[in-house]
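Enquirer: I would like the atomic coordinates for the input below:
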Amino acid sequence: MTSTPIDLDAHRSRTRSATAAWDLLAADLDGRLHLPGDHDWPAATLAWNVSVTQRPAAVVTAATVADVVKTVRFAAECGVRVTAQPGGHGANKALDDTLLIRTAALDDIWIDSTARTARVGAGVKWGALQSALDGTGLTGLVGSNPDVSVVGFCLGGGLSWFTRPYGPGSGSLSAVELVDAGGTHRWISDDTSPELMWALRGGGGEFGIVTAVEIDLFPAPEITGGRVAFPATDAAAVLRAVAALTATAPAELSVWASIMHFPPIPELPDEIRGQSFCFVDAILLGSEGELTTRLASIRAAGTVLRDTTRPLQPGDVGTICEEPTDPSPGVHSSMMLTALDDDLVDLVVERAGTAGSLPLSQIQFRHLGGPSRTGRAGAFDLRPRGAEYAVMTLTVAPAPDLLAAGAEAMSTLFDELAPWSAGPTVPTLLGPGESLDRAFDAPVLNSLGRLKESVDPSHVIRGNYPVHGR
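Expert: Residues are numbered from 1 along each chain as shown. Sure thing, here's the model as predicted:
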């Protein structure tokens, strides 16, 4: 067997050309270009889920929208795929070898309380937007974690604390500012590009690099919420009480319940390290007295260890679930359910009722039943799905071998929950390595694929979960 000799002169020429191209891009930016081998490369590529090692071709820390435009044009001209990521959420292998744009500096917030709209840059996190809404009597469709970007959440569907009365986060998108695959900076709305707006409402980041969005805000003159904690041994009774309450709950009340095992690691406080709990998290667009009345049956179902329910400002909503906001390791997944009945409760408690039953840190149920028809139609739409609950599973993995064990446990549990399956899950709840096949049925995937081929036939733009041409 013979090998083809390497043309060293051609190789050196290509290397010099590539280096020169990167140098030209770097010189043209207000922000900064990071390349492999730079001293700050590990920090520039860090994912929020530190179990995912990101391997982009290069990273641009954009200081301005103009940096985004220049970077996309560079990618299109050089045949490099380009993606955006403000803070590292949603990282997975699909982003390897891309030109990664960090958009955290695009953090402007404009609020029009009269029109009930907000315009936010791609780097704005939900915690910042919600805090800016304190005192306005309005809220955005915020989820459980204040560290997540508004843009990423809405592009991926977005299950909110206020999805039941107002719909998912994707339905609040009224307009999108993006840089398209050709490097043109555009303002997209239903009036200018209805098909593209449909895709942007839940179809992900495959259709342009988003630099800002305009979203609807919703009435929230009074918000009450918090967490009620029980021993994990009370989980069966508490989950049954949650099922009974949610069967008749008004749209203004959202209740989530979880079984959680905290790992025995020194970083955790003594009172939770290595302990197991059942948590009920709730929020009401109403008074503290009304929420107290509605949660009475749940409090009576077990021994209350801690109760944080209280009147809230919009900026407090992201604290209810007490989720970490710093990068951490783990694996997660989700599915949609038709019911939370006795048989399902017995199954879950048997599998995860005590620490060590499964290598899962958390199994959480989010009540979705009867979501409002408020919100614009998009690729992600809860209304035709018939899901009463979403179940989310999480393994915190301080040791790498726990990742595989956690993923296997999730797969096993979901197989057992198949009789209660309500079909595709929410795109924002997809885990690393999963695909949009788990979030959309074939007709929606086909529509997304056709639109992708229309607006980006060279596949210059790469989202966290790629849309393939169909």
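Enquirer: could I get the contacting residues of Gln313?
Expert: By C-beta atoms under 8 Å, 6 or more residues apart in numbering, the contact set of Gln313 is Ser131, Asp134, Gly135, Ile223. Any C-beta I mention is one placed from the backbone N, CA and C, and that applies to glycine too.
Enquirer: those residues in strands, which ones?
Expert: For those, the ones inside strands are Ile223, with DSSP state E as the criterion.
Enquirer: pull out the buried members of the contacts of Gln313.
Expert: Buried members of the contacts of Gln313, counted by 16 or more other C-beta atoms under 10 Å: Ser131, Ile223.
Enquirer: among the contacts of Gln313, which one sits closest to Met335?
Expert: Comparing the contacts of Gln313 against Met335 with C-beta to C-beta picks out Ile223 as the nearest, at 29.0 Å.
Enquirer: so the closest one bridges to which residues?
Expert: For Ile223, the beta-bridge partners are Leu312 (DSSP bridges).
Enquirer: please tell me I have it right and it contacts Ala282.
Expert: No. Look at Ile223 against Ala282 with C-beta atoms under 8 Å: they stay out of range, at 11.2 Å.
Enquirer: what's the burial count for Ala418?
Expert: Using other C-beta atoms under 10 Å, Ala418 has 8 other residues around it.
Enquirer: any idea how far it lies from Ala175?
Expert: Applying C-beta to C-beta, to the nearest Å, the value for Ala418 to Ala175 is 40 Å.
Enquirer: same question for Asp38.
Expert: Distance from Asp38 to Ala175, by C-beta to C-beta: 37 Å.
Enquirer: between the two, who's got more neighbours?
Expert: Using other C-beta under 10 Å as the criterion, Asp38 and Ala175 rank with Ala175 on top: 18 against 14.
Enquirer: part of a helix, is the more buried one?
Expert: No. Using DSSP: H, G, I helix; E, B strand; the rest coil, the assignment for Ala175 is strand, not a helix.
Enquirer: hmm, it is touching Asp216, no?
Expert: No. Contact criterion C-beta under 8 Å: Ala175 and Asp216 do not qualify, at 10.4 Å.
Enquirer: just the pLDDT at Ala407, thanks.
Expert: If you check Ala407, the pLDDT there is 87.
Enquirer: tell me which stretches of the stretch 151-300 of the chain form strands.
Expert: With DSSP state E, counting those that start in this stretch as the criterion, the stretch 151-300 of the chain has strands at 173-179, 185-189, 209-216, 218-219, 223-231, 253-261, 276-284.
Enquirer: which stretches in the stretch 101-250 of the chain count as helices?
Expert: All helices of the stretch 101-250 of the chain, identified by DSSP state H, counting those that start in this stretch, fall at 126-132, 150-155, 163-166, 194-200, 235-246.
Enquirer: who does His34 bridge with?
Expert: Under DSSP bridges, the beta-bridge partners of His34 are Val59.
Enquirer: what residue lies at the spatial centre of this protein?
Expert: The residue lying closest to the centre of the chain (C-alpha atoms, centre = their mean) is Thr428, at 3.8 Å.
Enquirer: so how far is Asn464 from the residue nearest to that residue when sequence neighbours are not counted?
Expert: The shortest distance from Thr428 to any residue other than its chain neighbours is 3.7 Å, reached at Gly156 (C-beta to C-beta, 6 or more residues apart in numbering). Separation of Gly156 from Asn464 (C-beta to C-beta): 8 Å.
Enquirer: of these two, who's got more company?
Expert: Neighbours were counted for Gly156 and for Asn464 using other C-beta under 10 Å; Gly156 has more, 30 against 24.
Enquirer: surely the more buried one is in contact with Gly204?
Expert: Yes. Using C-beta under 8 Å, Gly156 is in contact with Gly204, at 5.8 Å.
Enquirer: before we move on, the earlier item: contacts only, for the residue nearest to Thr428.
Expert: Gly156 sits next to Gly90, Ser170, Gly202, Gly204, Phe380, Val426, Pro427, Thr428, Leu430, Asn464 when contact means C-beta under 8 Å, 6+ apart.
Enquirer: follow-up on the earlier one: I'd like to know which of the contacts of Gln313 is nearest to Ser254.
Expert: Nearest to Ser254, judged by C-beta to C-beta, of these is Ile223 at 11.1 Å.
Enquirer: can you pull the pLDDT of the closest one?
Expert: 98.
Enquirer: same question for Val52.
Expert: Note for Val52: predicted pLDDT of 88.
Enquirer: give me phi/psi at it?
Expert: Main-chain torsions, Val52, degrees, to the nearest 10: phi -100, psi 120.
Enquirer: coming back round to it: okay, the contacts of Gly156 in JSON lines with pLDDT next?
Expert: Formatted as JSON lines, these follow (pLDDT from 0 to 100):
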{"residue": "Gly90", "pLDDT": "84"}
{"residue": "Ser170", "pLDDT": "96"}
{"residue": "Gly202", "pLDDT": "96"}
{"residue": "Gly204", "pLDDT": "94"}
{"residue": "Phe380", "pLDDT": "93"}
{"residue": "Val426", "pLDDT": "92"}
{"residue": "Pro427", "pLDDT": "93"}
{"residue": "Thr428", "pLDDT": "92"}
{"residue": "Leu430", "pLDDT": "93"}
{"residue": "Asn464", "pLDDT": "91"}
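Enquirer: got a PyMOL select line for the buried ones in those?
Expert: In PyMOL syntax, the buried subset of those is picked out as below (16+ other C-beta under 10 Å):
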select buried, resi 90+170+202+204+380+426+427+428+430+464
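Enquirer: next step: the contacts of Gly156 restricted to helices.
Expert: Using DSSP state H, no member of these falls within helices.
Enquirer: out of the contacts of Gly156, which is nearest to Asp441?
Expert: Closest to Asp441, out of all of those and judged by C-beta to C-beta, is Phe380, at 11.4 Å.
Enquirer: got the contact list for the residue nearest to that closest one when sequence neighbours are not counted?
Expert: Closest residue in space to Phe380, ignoring its immediate chain neighbours: Gly202 at 2.5 Å, by C-beta to C-beta, 6+ apart. When the contact criterion is C-beta under 8 Å, 6+ apart, the partners of Gly202 are Leu155, Gly156, Gly157, Gly158, Pro168, Ser170, Gly378, Ala379, Phe380, Asp381, Pro427.
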